[in-house]
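Sequence unavailable; structure follows:
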């Protein structure tokens, strides 16, 4: 009986000890929730049209620990910008998944300060982010007179240089491309602002693409203006150049045709036309993706050939015509 009591008492002590240890382990995460959250380390601002776009990054693992972000803003007033502390105000709270805020409440020529504070799930406030100062400028006019030219291996887009109309301001350009009319991504096609009103792009052979250009100032804020008119580039309108140097090699049972390959990389192939001695008009007898074709009909009488290059939607003008005679008539 004494052994049973001693065993029960020992088991009770073990359970109490395990309970204390277990509680201690659960205490660590609870304490960590009271820690100050990691601050935002970098802020970027872009002035586009009537918007100041404030953006930042924050680690995904840290977002799980926070409630969100407070955007703080201060206005710098005239000559007093260097006197006293700026009066920051919370202007917006954004949830933890946010990485961007658009401010439309500003005036051209007025200077502003922005910073961000992070709030934890327990409303613990982070240290301040770096403060960024912005001074939005008057925007340049949209570029005009967009046009394009399709070359052998690229698409060249040009527009009117806006620098002539903008005084001493240095103008740069961003170009945007889309496969859907009127809807463009937020990031430009070019990796850095363009210095000249010219851009070379790859040729889209399967579907129409659309382009628009924005002029921007060469400032730290990259003040970017409104979009230009939209220009459509439809590959179905591309016309290949005329094929050249059509040659033939006759035999009794076949006629081998060959010609120079067209320089346009967007040419899809070639069409071959033939007219027999007894026929009045040329007829399409076949197509080829290579600059060569074999007519398998026996060469029993005089015939003539020409070819055309085929683009995404249109044919070139015909090549020169060659006449082929049966071998016995030579």
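Arrived safely. Just so we're clear, the structure is a prediction, and the values are computed from it rather than from any experiment. Numbering: from 1, shown residues only.

what are the ranges of the strands in the stretch 1-150 of the chain?
Listed in chain order, the strands of the stretch 1-150 of the chain (DSSP state E, counting those that start in this stretch) span 43-48, 51-56, 66-76, 89-95, 100-103, 111-120, 132-134, 147-150.

Need the winner for burial among these.
Greatest average neighbour count among the strands of the stretch 1-150 of the chain goes to strand 111-120 (a mean of 20), per mean count of other CB atoms under 10 Å. Every C-beta, even on glycine, is put in place using the N, C-alpha and C of the backbone.

and that strand, what does it pack onto?
Packed against strand 111-120 by the contact rule (3 or more CB pairs under 8 Å, 6 or more residues apart in numbering; DSSP states H and E) you find strand 43-48, strand 51-56, strand 66-76, strand 132-134.

which one of the ones you listed lies closest to residue 113?
strand 66-76 (4.3 Å; CB to CB).

what sits up against that closest one?
Contacts with strand 66-76, where a contact means CB atoms under 8 Å, 6 or more residues apart in numbering, come from 37, 40, 54, 56, 58, 86-96, 98, 101, 103, 110-121, 123, 133.

Show me the shaky parts of the stretch 201-330 of the chain.
The model of the stretch 201-330 of the chain has pLDDT under 70 over residues 329-330.

residue closest to the middle of the chain?
residue 189 (5.1 Å; CA atoms, centre = their mean).

Would you agree that residue is in contact with residue 209?
No: using CB atoms under 8 Å, residue 189 is not in contact with residue 209; the gap is 10.4 Å.

Common neighbours of the two, please.
Residues within reach of residue 189 and of residue 209 at once, by CB under 8 Å, 6+ apart, are residue 177.

coming back round to it: what would the strands of the stretch 1-150 of the chain look like in a markdown table with mean pLDDT and distance to residue 297?
Shown next, in a markdown table, are the strands of the stretch 1-150 of the chain (pLDDT from 0 to 100; distance: least, CB to CB, whole Å):
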| stretch | mean pLDDT | distance to residue 297 |
| --- | --- | --- |
| strand 43-48 | 95 | 64 |
| strand 51-56 | 96 | 67 |
| strand 66-76 | 96 | 76 |
| strand 89-95 | 96 | 74 |
| strand 100-103 | 97 | 67 |
| strand 111-120 | 96 | 78 |
| strand 132-134 | 95 | 75 |
| strand 147-150 | 95 | 37 |
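
Could you export these to JSON lines, including columns for distance to residue 219?
Below are these laid out as JSON lines (distance: least, CB to CB, whole Å):
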{"stretch": "strand 43-48", "distance to residue 219": "8"}
{"stretch": "strand 51-56", "distance to residue 219": "13"}
{"stretch": "strand 66-76", "distance to residue 219": "17"}
{"stretch": "strand 89-95", "distance to residue 219": "23"}
{"stretch": "strand 100-103", "distance to residue 219": "17"}
{"stretch": "strand 111-120", "distance to residue 219": "13"}
{"stretch": "strand 132-134", "distance to residue 219": "10"}
{"stretch": "strand 147-150", "distance to residue 219": "28"}
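
can you tell which of those strands is closest to residue 239?
Checking these against residue 239 by CB to CB gives strand 147-150 as the closest, at 8.9 Å.

Tell me who's in contact with residue 258.
Counting by CB under 8 Å, 6+ apart, residue 258 makes contact with 246-249, 291-293.

which pair in those residues spans the largest distance?
Greatest spatial distance among the contacts of residue 258 (CB to CB): 249 and 291, at 14.0 Å.

more crowded one of the two?
In terms of neighbours (other CB atoms under 10 Å), residue 291 is the more surrounded of residue 249 and residue 291; the figures are 19 against 11.

returning to what we had before: out of the helices and strands packed on strand 111-120, nearest to residue 185?
Once the helices and strands packed on strand 111-120 are compared by CB to CB, strand 43-48 is nearest, at 12.8 Å.

And for the closest one, what's in contact with it?
By CB under 8 Å, 6+ apart, the surrounding residues in contact with strand 43-48 are 52-56, 114-116, 129-130, 132, 134, 136-137, 139, 214, 221-224.

and what of stretch 112-127?
The contact list for stretch 112-127 (CB under 8 Å, 6+ apart) reads 33-40, 43, 45, 52, 54, 56, 58, 65-76, 86, 88, 93, 103, 106, 128-135.

all helices of this protein, in order?
All helices of the chain, identified by DSSP state H, fall at 2-32, 60-63.

between the ones you listed, which gets the lowest average pLDDT?
Across these, helix 2-32 has the smallest mean pLDDT, namely a mean of 52.

what's the spacing between residue 298 and residue 286?
For residue 298, the distance to residue 286 equals 16 Å [CB to CB, to the nearest Å].

neighbour-wise, which of these two wins?
Legend: neighbour count by other CB under 10 Å for residue 298 and residue 286, higher for residue 286 (15 against 12).
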